[in-house]
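> Generate coordinates for the sequence data below:
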Amino acid sequence: MSPPAAPPFGHHLVSSLHRHVRKTGEAWPNTIVRVLLRTTDPREFGANRRGHSGVLKHVNEILQIEGLRIEIVDSHPRIRKITSSEMQKDRTPQELFPSPDFSKLTSDAEIAELLSLRWTQAQLCHAKELCLAAIILMGSLMEGALYARAISDRNSSHKSTAAPPGSTPIEEWKCEALINVALTEGWIKKDANDSAKNLKDWRNYVHLREHAKQGTEVDLDTCDMGWSAVRAVVNDLLKT
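Residues are numbered from 1 along each chain as shown. Predicted coordinates:
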């Protein structure tokens, strides 16, 4: 008779144990380690290999924060420490958001290709927790997409009430002008406009003096908001 499958609450149990350890600051006691090993033991799942794979993946995502990993050796779970290089490798996403077809935004093949490159590299930096590099790339990507849209319809861009005064070439417009024109012309919605302005400010951290002046920490939360801004702006632009 096959051993009973691991309880469906395994995911929640491991998460609760992890929260307890983080809250109390205690080391991982042997009792918790035994629970983790039992929860990820493939023999507890019988023929349900997919279920075991999902639980093991979830547990290791939590343990990675502690520099630990459970591996299956000869059908038995073993827990071990992992190196910083292994941790960084694990954070690389298995699947990135595929790049949109930027050729719909611009007829300039080189610009479309560069936008696609930034789309991918921004996600890789985000996954590696290179937050400052990620947010700068995201800002560059957003500004580039807005620029591509503006030059695809130079007539409307220059006639927009939000365009810079005079006959300043679009190539010399600042990011704020590109955002304002895009909103005024209906290329992006207000919610995208609001988040774009935040990303514009963070993108200026490419200048050391600006970053020092603001004194704002760029962390994963900042990256999450920046990526949401990029997707909102690009999605809106591609609809027009």
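> Residues in contact with stretch 174-183: which ones?
139, 142-143, 146-147, 149-150, 157, 160, 162-164, 173, 187-190, 193, 196-197, 200, 203, 233, 236-237 (Cβ atoms under 8 Å, 6 or more residues apart in numbering). For the C-beta atoms, the positions are set from N, CA and C on the backbone; glycine is no exception.
> same thing but at 6 Å, please
143, 146-147, 150, 157, 160, 162-164, 188, 193, 196, 200 (Cβ atoms under 6 Å, 6 or more residues apart in numbering).
> What's the mean pLDDT across that stretch?
Average pLDDT, stretch 174-183: 96.
> would you turn the contacts of stretch 174-183 into JSON lines with pLDDT?
Shown next, in JSON lines, are the contacts of stretch 174-183 (pLDDT from 0 to 100):
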{"residue": "E143", "pLDDT": "97"}
{"residue": "L146", "pLDDT": "97"}
{"residue": "Y147", "pLDDT": "97"}
{"residue": "A150", "pLDDT": "96"}
{"residue": "S157", "pLDDT": "96"}
{"residue": "S160", "pLDDT": "96"}
{"residue": "A162", "pLDDT": "96"}
{"residue": "A163", "pLDDT": "96"}
{"residue": "P164", "pLDDT": "94"}
{"residue": "I188", "pLDDT": "96"}
{"residue": "N193", "pLDDT": "92"}
{"residue": "A196", "pLDDT": "94"}
{"residue": "K200", "pLDDT": "94"}
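> In stretch 169-182, which residues are buried?
Neighbour-count burial for stretch 169-182 flags I170, W173, C175, A177, L178, I179, N180, V181, A182 (criterion: 16 or more other Cβ atoms under 10 Å).
> Please apply the same query to stretch 158-169.
H158, S160, A163, P164.
> same thing with stretch 201-218?
Under the neighbour-count criterion of 16+ other Cβ under 10 Å, stretch 201-218 has W202, R203, N204, Y205, H211, V218 buried.
> So which of these belong to helices?
Among these, the members found in helices (DSSP state H) are W202, R203, H211.
> quick one: the first one from S140, how far?
W202 is 11 Å from S140, where distance means Cβ to Cβ, to the nearest Å.
> quick check, nearest of the contacts of stretch 174-183 to A109?
Y147 (15.3 Å; Cβ to Cβ).
> just checking, what's the longest helix in this structure?
helix 131-152.
> Quick check: next helix or strand after that one?
Once helix 131-152 ends, the next helix or strand along the chain (criterion: DSSP states H and E) is helix 154-159.
> which residues make contact with that next one from outside it?
Here helix 154-159 has contacts from A150, I170, V181, E185, using Cβ under 6 Å, 6+ apart.
> Now do the helix or strand just after that helix and helix 131-152, the angle between them.
Toward the C-terminus, helix 154-159 is succeeded by helix 175-184 as the next helix or strand (DSSP H and E). Here helix 175-184 runs at an angle of 60 degrees relative to helix 131-152 (axes from the mean of the first three to the mean of the last three Cα atoms, to 10 degrees).
> Please parse this protein into its domains.
Segmentation of the chain into domains, based on automatic domain parsing, reads 10-90, 102-238.
> Just give me how far the last one sits from the chain centre.
Its chain's average C-alpha position is 16 Å from that of domain 102-238, according to Cα atoms, centre = their mean, to the nearest Å.
> what about it, start to end distance?
8 Å (Cα to Cα, to the nearest Å).
> Now do the helices in this protein.
Remark: helices assigned in the chain by DSSP H are 10-24, 30-39, 49-63, 84-91, 109-127, 131-152, 154-159, 175-184, 190-203, 208-214, 220-238.
> Same list (the ones you listed) but as a markdown table, adding distance to R69.
Below are those laid out as a markdown table (distance: least, Cβ to Cβ, whole Å):
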| stretch | distance to R69 |
| --- | --- |
| helix 10-24 | 13 |
| helix 30-39 | 11 |
| helix 49-63 | 5 |
| helix 84-91 | 8 |
| helix 109-127 | 18 |
| helix 131-152 | 24 |
| helix 154-159 | 52 |
| helix 175-184 | 42 |
| helix 190-203 | 33 |
| helix 208-214 | 35 |
| helix 220-238 | 21 |
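> If anything else comes up later, I'll come back, but that's it for now.
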